Each structure stands twice: as structure tokens, then as C-alpha cells.
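> need a 3D model of the following:
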Amino acid sequence: MINAEMRSYNYYLYEDADDYGQSVLSKEVKGSAKMSINVTSQSVKDSIVYSGAEFIGLTHDELSDKYVIQYGESKLKVLYVNPRGRFKQVYMTRM
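Numbering: from 1, shown residues only. The predicted model follows:
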């Protein structure tokens with residue numbers, strides 16, 4: 001069932017630091033990840049680890065908090081990746 005809902009989404013990466021030491025988001029797409037993205041429930045937002053997460057994705061791909069997913073016209077910043085289980089849970093917020 002989850003595999004039927006999976007789509008390929010382009011992603012960007014936070015790369016080298018700027019003059020102030022802040023990571024800079026790449027201007028070009030760096031690749032794609034196959035993922036099923038859904039809106040999170042209220043119970044997840046009570047935890048500090050998932051604070052601010054608006055979306056949850058399920059994937060087999062290796063992602064980290066340096067990734068930004070292109071989701072239609074929006075960009076979703078990866079906040080946290082939970083690697084346990086058959087699928088990795090990717091918690092994201094709209095940029």
C-alpha cells in the first residue's frame with residue numbers, strides 16, 4: 001500500500017558555509033528520493049525532536065537534515081530522520 005503512494009521528489013542539499021558560517025542551500029537539484037509524503041498528526045508535534053514538523057515521509061533512501069525536498073511548488077526542509085523500521089520516517093517542514 002505504501003509503495004503504491006511513493007513518488008520521486010527532487011532534493012537540494014545544504015552545502016558549504018557562507019561568510020557567516022551558515023550552510024548555503026544548493027541552487028541546483030542534487031538528485032531525487034522516492035518517498036510517500038503525508039501530513040503529520042498532532043501527537044507527533046508534542047515531542048521536541050519533531051517540533052515544527054508539518055509533513056512526514058516514508059522512504060528507503062538515505063536522507064539527512066541537510067536535504068530540502070521539492071514538493072510540488074513548495075520546498076520541505078528535512079528536520080529529522082528516524083531510521084527504525086522497514087521504512088525511514090522523514091519529518092519535514094515547509095520553507
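
> quick check, pLDDT for the residue nearest to Ser8 when sequence neighbours are not counted.
In space, and not counting its chain neighbours, Ser8 is closest to Ser32: 4.6 Å by C-beta to C-beta, 6 or more residues apart in numbering. C-beta coordinates here come from the backbone N, C-alpha and C atoms, glycine included. For Ser32, the pLDDT comes out at 94.

> pull up the pairing partners for the helix or strand hosting Ser32, direction included.
Assessed by DSSP states H and E, Ser32 sits inside strand 31-39. Here strand 31-39 has these sheet partners by DSSP bridges: strand 7-17 (antiparallel), strand 55-59 (antiparallel).

> off-centre distance for the first one?
Taking the mean of its C-alpha atoms, strand 7-17 sits 9 Å from the chain's own mean (C-alpha atoms, centre = their mean, to the nearest Å).

> any buried residues in it, and which?
Tyr9, Tyr11, Tyr12, Leu13, Tyr14 (16 or more other C-beta atoms under 10 Å).

> out of those, which comes closest to Pro83?
Taking C-beta to C-beta as the measure, Tyr11 is the one of the buried residues of strand 7-17 closest to Pro83, at 17.2 Å.

> for the closest one, give the beta-bridge partners.
Going by DSSP bridges, Tyr11 is paired in beta bridges with Gly31, Ile69.
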